[in-house]
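> Got a predicted structure plus its sequence, pasted below:
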Amino acid sequence: MRMETTVIEVTTGSTPTTIDLTERAAEFVADKGDGLLSVFVPHATAGVAVFETGARSDADLVAHLDVLFPRDDRWRHRHGSPGHGADHVVPALVAPSITVPVLGGELALGTWQSIVLVDPNRDNQRRMVRFSFLAG
Amino acid sequence: MRMETTVIEVTTGSTPTTIDLTERAAEFVADKGDGLLSVFVPHATAGVAVFETGARSDADLVAHLDVLFPRDDRWRHRHGSPGHGADHVVPALVAPSITVPVLGGELALGTWQSIVLVDPNRDNQRRMVRFSFLAG
Amino acid sequence: MRMETTVIEVTTGSTPTTIDLTERAAEFVADKGDGLLSVFVPHATAGVAVFETGARSDADLVAHLDVLFPRDDRWRHRHGSPGHGADHVVPALVAPSITVPVLGGELALGTWQSIVLVDPNRDNQRRMVRFSFLAG
């Protein structure tokens, strides 16, 4: 048994956004059996979440991150665009790592769940995401 | 080596609540050795947390989720009961996936830690939880 | 294949703080190959996060936890120092468990990422952290 791992690249653009990674994760595990999929974002201003992207909950999340982490001048971290310090605190609550069980090469997600890159950062337009599969 | 996995069903009722899963998780791993336990909730409006359920911290969490994610009309997601859009954002911060180390068939939890299903949703009264054990 | 696991002890002192665990995690995995590292904090009032510790984002996080979880008299949990009930709710959002991929004995972290113990609690001055490595 070996761990299999790959890095994909996604374009997030210059506005806070979410990117659905489910299809690419599903492709990555499709030829594998049972095991755990680690989705890891090697960036300090992004996270990964599992939630429903339809019915505009993705826009709700992006808007609500601005409520929970206001882009004002409270932040000691002052690099980048105004309020960018907020982006550095988000990953402590929207972690850049999540684990999803895989059964017979299929993600064991619920009907309404997607694996989503959460990127509040306006300053980074391209992101990496690492998929790692540990077989059972 | 193989991954062992099972799905349990829990009744959460029609009010926001937390359900302690520790005992059922402990039973699941009791005949297994060392490894990692993945606790995964295949629902878009629930999460899983590890925290203390005694001394009313569970009621504190349920109440505080209403503060952090107010059930008002701000949410674009408008299905379900009033403010239900909030339930869809909670899992981005209270993730539906957590990993717990297992040693000699015992959960390596701290004295005061429990594994807890967090379900703010009034509209779903029954929930599934998947336990997956990857042996070391 | 076996899981390898160890517990380290860290001194967090009597003020809310963050402790960078990256170096000790890197040492733990240095002689190992590919796999997943579980970082697990067996305490009910602490979490673990992966974020940037430089440029004062660590101080931003500590300060912002006091905004998101105010240390006032709203908490039903009333043991410990004033507002300590907040410390028991933090781990539901800053979870005590995170998984980091390891490649060839090296943590697959991004350039600006650190693995960090987040301890808002004034009352516990020493903490344990468990590292567990599941080889691929």
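That came in fine, so what should we check first? Residues are numbered from 1 along each chain as shown, chains lettered A, B, ... in the order given.
> Check chain A for the residue nearest chain B and tell me.
A:Gly136 (2.3 Å; C-beta to the nearest C-beta). Glycine gets a C-beta too; all of them are placed from N, C-alpha and C.
> What's the local residue count around that residue?
21 (other C-beta atoms under 10 Å in any protein chain shown).
> thinking it is in contact with B:Leu36, fair?
No - the criterion here is C-beta atoms under 8 Å, and A:Gly136 misses it with B:Leu36 at 10.5 Å.
> Quick check: which ranges of chain A have low pLDDT?
A:1 (pLDDT under 70).
> Could you measure from the closest residue in space to A:Thr15 that isn't next to it in sequence over to C:Ser57?
Once flanking residues are discounted, A:Thr15 sits nearest to A:Arg122: 6.4 Å by C-beta to C-beta, 6 or more residues apart in numbering or on different chains. Distance of A:Arg122 to C:Ser57, computed by C-beta to C-beta, to the nearest Å: 17 Å.
> Between the two, which is the more surrounded one?
C:Ser57 (29 against 20).
> Assumed that one was part of a helix.
Yes - looking at C:Ser57 with DSSP: H, G, I helix; E, B strand; the rest coil, it is inside a helix.
> what's across from the closest residue to chain C within chain A in the sheet?
Nearest residue of chain A to chain C: A:Met3, at 2.3 Å (C-beta to the nearest C-beta). Using DSSP bridges, the beta-bridge partners of A:Met3 come out as A:Leu134.
> Tell me if I'm right that it and B:Leu134 touch.
No - with contacts counted by C-beta under 8 Å, A:Met3 stays clear of B:Leu134, the gap being 11.3 Å.
> Compare neighbour counts for those two and give me the winner.
A direct count of neighbours by other C-beta under 10 Å for A:Met3 and B:Leu134 places B:Leu134 higher, at 27 against 21.
> ok, the more buried one - contacts?
Counting by C-beta atoms under 8 Å, 6 or more residues apart in numbering or on different chains, B:Leu134 makes contact with A:Gly35, A:Leu36, A:Leu134, A:Gly136, B:Met3, B:Gly35, B:Leu36, B:Ser38, C:Leu134.
> tell me which of those is nearest to A:Gly105?
Nearest to A:Gly105 among those, counting by C-beta to C-beta, is A:Gly35 at 9.4 Å.
> Can you get me a residue count around that closest one?
Neighbours of A:Gly35 under the rule other C-beta under 10 Å: 24.
> go on, A:Ala63?
By the criterion of other C-beta under 10 Å, A:Ala63 has 15 neighbours.
> and it, helix, strand or coil?
Three-state call for A:Ala63 (three-state DSSP): helix.
> that older thread, okay, the contacts of B:Leu134 in TSV with distance to C:Arg78 next?
Putting these into TSV (distance: C-beta to C-beta, whole Å) gives the following:
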residue	distance to C:Arg78
A:Gly35	44
A:Leu36	39
A:Leu134	43
A:Gly136	44
B:Met3	42
B:Gly35	38
B:Leu36	35
B:Ser38	34
C:Leu134	40
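> Determine which two of those residues are furthest apart.
Going by C-beta to C-beta, the pair spanning the contacts of B:Leu134 furthest: A:Gly35 and B:Gly35, at 12.1 Å.
> In contact with the closest residue to A:Leu37 other than its chain neighbours, which residues?
Distances taken as C-beta to C-beta, 6+ apart put A:Val100 closest to A:Leu37, at 4.7 Å, once the chain neighbours are dropped. Counting by C-beta under 8 Å, 6+ apart, A:Val100 makes contact with A:Ala25, A:Leu36, A:Leu37, A:Val39, A:Val50, A:Leu107, A:Ala108, A:Leu109, A:Ile115, B:Phe40, B:Ser97.
> Make CSV from those residues and add secondary structure and neighbour count to it.
Shown next, in CSV, are those (DSSP: H, G, I helix; E, B strand; the rest coil; neighbours: other C-beta atoms under 10 Å in any protein chain shown):
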residue, secondary structure, neighbour count
A:Ala25, helix, 22
A:Leu36, strand, 27
A:Leu37, strand, 23
A:Val39, strand, 26
A:Val50, strand, 28
A:Leu107, strand, 20
A:Ala108, coil, 20
A:Leu109, coil, 21
A:Ile115, strand, 25
B:Phe40, strand, 28
B:Ser97, strand, 27
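> What parts of chain A come near chain B?
Chain A has residues A:1, A:34-36, A:47, A:49-52, A:55-57, A:59-61, A:63-64, A:68, A:93-95, A:98-101, A:103, A:108-113, A:116, A:118, A:134-136 near chain B, with proximity defined as C-beta under 8 Å from any C-beta of the partner chain.
> Show the buried residues in those residues.
A:34-36, A:47, A:49-52, A:55-57, A:60-61, A:64, A:68, A:93-95, A:98-101, A:103, A:108-110, A:112-113, A:116, A:118, A:134-136 (16 or more other C-beta atoms under 10 Å in any protein chain shown).
> what about A:Ala66, which helix or strand?
Careful, residue A:66 is Asp; it's not Ala. helix A:57-68 (DSSP states H and E).
> and the helix or strand following that helix with chain C, contact?
The C-terminal neighbour of helix A:57-68 among helices and strands, as given by DSSP H and E, is helix A:85-93. Yes - contact of helix A:85-93 with chain C (C-beta under 8 Å from any C-beta) involves A:Gly85, A:His88, A:Val89, A:Pro91, A:Ala92, A:Leu93.
> quick one on the thing from earlier: got the contact list for the residue of chain A closest to chain C?
Contacts of A:Met3 by C-beta under 8 Å, 6+ apart are A:Ser132, A:Phe133, A:Leu134, A:Ala135, C:Asp34, C:Gly35, C:Leu36, C:Pro101, C:Ala135, C:Gly136.
> now with 7 Å?
A:Ser132, A:Phe133, A:Leu134, C:Asp34, C:Gly35, C:Gly136 (C-beta atoms under 7 Å, 6 or more residues apart in numbering or on different chains).
> Could you do A:His64 as well?
B:Val89.
> So what sits opposite the closest residue to A:Leu21 other than its chain neighbours in the bridge?
Of all residues not flanking A:Leu21 in the chain, A:Ile115 sits nearest, at 4.7 Å (C-beta to C-beta, 6+ apart). A:Ile115 has these beta-bridge partners by DSSP bridges: A:Val50.
> Kindly indicate whether A:Ala26 is helix, strand or coil.
helix.
> and it, how far is that from A:Pro91?
24 Å.
> Also A:Thr53?
20 Å.
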